[in-house]
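Q: fold the following for me, if possible:
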Amino acid sequence: MTPPRAQLSSSASAEPDLEACHGADAHHAPFDALRPSFTVEGRPGPNEGGLVDAVLFGRPTYELMEAGWRGPEAAAGVPPWMTPFARTMDVARKYVVSSSLSDVDWNAELIRGDLAGTVRRLTDRPGDGLATGGVMLPTALAELGLIDEYQFVVHPHVAGRGPTLLAGLSRPLGLELVDGFTVTPGVVASRYVPRTRPKE
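A: Take a look at the predicted model:
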């Protein structure tokens, strides 16, 4: 299978203090980082250089991630299976889509203007592509046909309020399951591709 150029990673959190931040989208973790071995099909896990070249966030998700994962101290106090993700997120290259921020400084570059053109330029570069997360930005990217892999981690908790992931799409999005596993008892990770793949 051709490596995806743009991935959506989303995780529903059971932590009450994060529930209000993004409803069903409070944590984002690269899919393969959730496996105990931290490797899939011979590819390195985040503790060995990462599975994508950079992450793409909107302002709310960037600010949420920065508050939770900036600095080496973010890796302290998290479960061992989250440590590689914490370290990788801190040093990862980040692109932030925002019309309200004037500056970003967490290994980040601000993106304004032509979203589709910018994302295509970034994913056309040699390398392992982009990962994204959040609520509004993934919806815009899905609407443009720019996401070629969807990764979801479901926790046994129903928030009952907050934003809904991919709400507002103009047409249904058909997905095909390509991988899935249990992370911990009750927590399931699944990876999907669109039934009609985005154009290369």
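Q: for stretch 131-145, which positions count as buried?
A: Neighbour counts over stretch 131-145 (16 or more other CB atoms under 10 Å) mark 131-135, 137-143 as buried. For glycine as for every other residue, the C-beta is placed from the backbone atoms N, C-alpha and C.
Q: just the ones of the residues you listed in strands?
A: Of the positions in the buried residues of stretch 131-145, 131-132 sit in strands, assigned by DSSP state E.
Q: tell me which of the buried residues of stretch 131-145 is nearest to Leu115?
A: Nearest to Leu115 among those, counting by CB to CB, is Ala140 at 6.4 Å.
Q: skipping its backbone neighbours, what lies nearest that closest one in space?
A: Leu115 (6.4 Å; CB to CB, 6 or more residues apart in numbering).
Q: need the contact list for the one you found.
A: 97, 140-141, 144 (CB atoms under 8 Å, 6 or more residues apart in numbering).
Q: check Val187 too.
A: 153-156.
Q: cool, Glu176 as well?
A: Counting by CB under 8 Å, 6+ apart, Glu176 makes contact with 192-195.
Q: can you list the buried residues in stretch 181-191?
A: Judged by neighbour count (16+ other CB under 10 Å), stretch 181-191 contains these buried residues: 183, 187, 189-191.
Q: for it, the averaged confidence score.
A: For stretch 181-191, mean pLDDT is 84.
Q: ok, which stretches of the chain are helices?
A: Taking DSSP state H to define them, one finds helices in the chain at 16-22, 59-69, 83-91, 115-124, 136-143.
Q: need the contact partners of the last one.
A: It refers to helix 136-143. Taking CB under 8 Å, 6+ apart as the rule, helix 136-143 contacts 6, 8, 10, 56-58, 60-61, 97, 115, 119, 132, 147, 163, 165-170, 173.
Q: still on that earlier bit, per-residue pLDDT, the residue nearest to Ala140?
A: At Leu115, pLDDT is 92.
Q: repeat for the one 5 residues further on
A: Among the per-residue scores, Arg120 shows a pLDDT of 90.
Q: who's in contact with it?
A: By CB under 8 Å, 6+ apart, the contact list for Arg120 reads Leu146.
Q: from Ser98, how far out is it?
A: 19 Å (CB to CB, to the nearest Å).
Q: report the backbone C-alpha coordinates of the strand ranked longest in the chain in PDB.
A: Ranked by residue count, the top strand of the chain under DSSP E comes out as strand 175-184. Below are the C-alpha coordinates for strand 175-184, written out as PDB (Å, rounded to 0.1, in the frame of the first residue of the first chain):
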ATOM      1  CA  LEU A 175     -14.300   4.600   4.400                       C
ATOM      2  CA  GLU A 176     -12.700   1.200   4.100                       C
ATOM      3  CA  LEU A 177     -11.100  -0.400   7.200                       C
ATOM      4  CA  VAL A 178      -7.400  -1.400   6.600                       C
ATOM      5  CA  ASP A 179      -6.200  -2.000  10.100                       C
ATOM      6  CA  GLY A 180      -7.400  -2.100  13.700                       C
ATOM      7  CA  PHE A 181      -6.300  -3.300  17.100                       C
ATOM      8  CA  THR A 182      -7.100  -2.900  20.800                       C
ATOM      9  CA  VAL A 183      -4.700  -0.400  22.500                       C
ATOM     10  CA  THR A 184      -5.700  -1.200  26.100                       C
END
